[in-house]
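> Pasting the sequence and the predicted coordinates here, then a few questions.
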Amino acid sequence: MTLNLRARISPAVAAIPPSGIRRFFDLAAEMEGVISLGVGEPDFVTPWRIREACVDALERGFTCYTANRGRADLLNAISLYLARFGVDYNPASELIVTIGASEAIDLALRTIVCSGEEVLVPEPCYVSYKPSITLAGGVPVGVPTHASDGFRLSVAELERRVTPHTKALLLCNPNNPTGTAMSREDLAQITRFVEEHDLLVIADEIYAELTYGKPHVCFASLPGMQERTILISGMSKAFAMTGWRLGYVAAHPDLCSAMLKVHQYTIMCAPHMAQIAALEALTSGEADVRRMMETYDGRRRLIVSGLRQAGLECHEPEGAFYVFPSIQVTGLTSETFAQELLSEEKVAVVPGAVFGEGGEGHIRCSYATSTESIAEAVERIARFVSKRIARR
Amino acid sequence: MDEQTLDQRILALLHDNSRLSADTIATLLGEEEERVRSAIKRLESAKAILSYSAVINWEKAGVERVTALIDVRVQPQRGAGFDHLAERIYKFPEVRSVFLMSGSYDLSVMVEGDSIKEVARFVSEKLSVLEYVNATTTHFILKKYKQDGVIFEDDEGDQRLVVTP
């Protein structure tokens, strides 16, 4: 008797399309000598003082479970850290340490989304959002943002897509893949919208420290928003701790206690030694963050200048470490552009189409790589673009 | 940004990579190229920037090079302190660096040559015999791990996956 295993997979999981990034990764991974502008994580190694704290924790035997919510000293440190963004969370009842911001997003969705409820997702968006909503039993509803507007979320587009079934808005600010950082004025309009429709907001602010030229505005700090916002962040991007899988979620005690139930039954706790490293990062890692941020800022200018000189229209990103130029001048689809750029010039970028509506006609370039690599990559892109324009 | 901050940022960039052009530095710092060029000229005139050089791994270049760090105990001179003797020592082309040190010896001298014998001969014939040099202790560098902020070991390269969301 043969088992038909595929038929036994949950329809919700079977229906999720494979990641466009995965396909592209397989292509790029086979080639030698590729300059990758396709990496969504810092090129810095976690600062030594943070790694050393983990090594010390291991030597001293901190290998057991912690409280589900996380170590008390880390929760206190997270609460103090978030205060700089104008929010006040009780570490004992309004915070949970999670396995990366990824788990925090999953917790939030599983806790608040009922079967069939809709979640508004501005697009282009991080590739995990829509599948995560689907896995939670919800319906992701894409809300387009436009290059002409610097990919800022507009209330008009939200109004076109909100329905009586809408439960929440999932907002990523600063944004992956567009690099957009919304201003206080932009966000104030969104607050009026969510109040009017009585929505919850899941605010993914993993790139909060990486803003250039203007300070980050925490959505939960806006008037009336803390109660209805599930704030998500973590250590990955600002502290170069992607592989440590350490994040946190902050929310009203009623929401937090519900999320804690899911967390305690599925995860138990985040890794103990990673929590100790995170505590070190939050208490003494500020200088390292400043240093990395200044480096990203310089590279940001370099890559934007280079891509514009290459003939690509490119809005100025103000957050994260991505730039999202238009490749429409070449007449190619984003996937064709990325594939041909990779095979002809050995530069990897991510096709904008994988990030949803509004991504087609664009590529995502990460500047989390050395200035030398950026300089070489934009030179090769310029050569490629020039050839494609000549062919049109 | 103000002049002092600009100077510090330029110096930090050039210290890491002296091949950066003024144009690239200007882009990285979000400043006008002309302002960066003037700042660099000013820093050169003030001798804050003394020279531009490369960190070389001679072994990888297939060139035999021996480096020694020599602790020198000296008799400081009336009116001149250690400076006059330090100058006599650093004028030798074999001498790559001279530092005045706190601790159990006075000067630290880095000497480079083509062989241990050559360096040893320099120490015995040129350095130890200088007036006011009381004693020398020679330490030969056996292996360079890191120099001027540059790691000599072959690193494992970028450990990240080539494309990630």
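All right, it came through fine.
> Enumerate the positions of the helix or strand containing residue A:273 that are buried.
Per DSSP states H and E, residue A:273 falls inside helix A:272-284. Of all the residues in helix A:272-284, those buried under the rule 16 or more other C-beta atoms under 10 Å in any protein chain shown are A:272-282. For the C-beta atoms, the positions are set from N, CA and C on the backbone; glycine is no exception.
> Touching, residue A:299 and residue A:374? I think so.
Yes - counting by C-beta atoms under 8 Å, residue A:299 does reach residue A:374; the two are 5.8 Å apart.
> Identify the contacts common to these two.
Among the neighbours of residue A:299, those also in contact with residue A:374 (C-beta atoms under 8 Å, 6 or more residues apart in numbering or on different chains) are residue A:367.
> For chain B, what lies in contact range of chain A?
Within chain B, the positions lying close to chain A (C-beta under 8 Å from any C-beta of the partner chain) are B:17, B:20, B:24, B:27-30, B:158, B:160-165.
> rerun at 6 Å
Residues of chain B lying near chain A by C-beta under 6 Å from any C-beta of the partner chain: B:27-28, B:30, B:160, B:162-165.
> Next, count neighbours for residue A:199.
A count of neighbours around residue A:199, defined by other C-beta atoms under 10 Å in any protein chain shown, yields 20.
> Please point out which parts of the next helix or strand after the helix holding residue A:273 sit buried.
Toward the C-terminus, helix A:272-284 is succeeded by helix A:286-309 as the next helix or strand (DSSP H and E). For helix A:286-309, burial by neighbour count (16+ other C-beta under 10 Å) applies to A:288-289, A:292, A:295-307.
> ok, the closest residue to residue A:16 other than its chain neighbours to residue B:138 distance?
Spatial nearest neighbour of residue A:16, excluding adjacent residues (C-beta to C-beta, 6 or more residues apart in numbering or on different chains): residue A:131 at 4.8 Å. Going from residue A:131 to residue B:138 by C-beta to C-beta, to the nearest Å gives 66 Å.
> of the two, who's got more company?
Taking neighbours as other C-beta under 10 Å, residue A:131 and residue B:138 compare with residue B:138 leading, 19 against 16.
> Could I get the pLDDT score of that one?
Looking at residue B:138, its pLDDT stands at 95.
> Contacts for the host helix or strand of it next, please.
Following DSSP H and E, one finds residue B:138 within strand B:133-140. Contacts to strand B:133-140, defined as C-beta atoms under 6 Å, 6 or more residues apart in numbering or on different chains, come from residues B:68-75, B:123, B:128.
> Just checking: what are the partner strands of it?
Within its sheet, strand B:133-140 is paired with strand B:66-74 (antiparallel), according to DSSP bridges.
> buried residues in the partner strand?
B:66-72, B:74.
> just stretch B:11-26 next, same as before
Across stretch B:11-26, burial judged by 16+ other C-beta under 10 Å covers B:13-14, B:20, B:22, B:24-26.
> start to end distance for it?
Distance across stretch B:11-26, first residue to last, is 13 Å (C-alpha to C-alpha, to the nearest Å).
> just checking, next helix/strand downstream of the helix or strand containing residue A:22?
Under the criterion of DSSP H and E, residue A:22 resides in helix A:20-29. Once the chain leaves helix A:20-29, the next helix or strand it forms, by DSSP H and E, is strand A:35-36.
> could you say what helices and strands the helix or strand following that next one packs with?
Next along the chain after strand A:35-36, taking DSSP H and E as the criterion, comes helix A:48-59. Applying 3 or more C-beta pairs under 6 Å, 6 or more residues apart in numbering or on different chains; DSSP states H and E, one finds that helix A:48-59 contacts helix A:272-284.
> The same query, at a cut-off of 10 Å, please.
Packing contacts for helix A:48-59, counted by 3 or more C-beta pairs under 10 Å, 6 or more residues apart in numbering or on different chains; DSSP states H and E, involve helix A:272-284, helix A:286-309.
> Name the next helix or strand following that helix along the chain.
Later in the chain than helix A:48-59, the nearest helix or strand by DSSP H and E is helix A:72-83.
> where does the residue nearest to residue A:16 land in three-state SS?
At residue A:131 the chain is in helix, as set by DSSP: H, G, I helix; E, B strand; the rest coil.
> ok now do it, which residues does it touch?
By C-beta atoms under 10 Å, 6 or more residues apart in numbering or on different chains, the residues touching residue A:131 are A:12-13, A:15-17, A:19, A:140.
> Most widely separated two among those residues?
Farthest apart among those by C-beta to C-beta are A:12 and A:19. That separation is 16.2 Å.
> in the chain, which spans are strands?
You didn't say which chain, so I picked chain A. Here chain A has its strands, by DSSP state E, at A:35-36, A:95-98, A:118-123, A:139-144, A:166-172, A:200-204, A:229-234, A:247-250, A:322-323, A:347-348, A:350-351, A:363-366.
> Not quite, go with chain B.
Counting by DSSP E, the segments of chain B that form strands are B:66-74, B:95-100, B:107-113, B:133-140, B:146-147, B:150-151.
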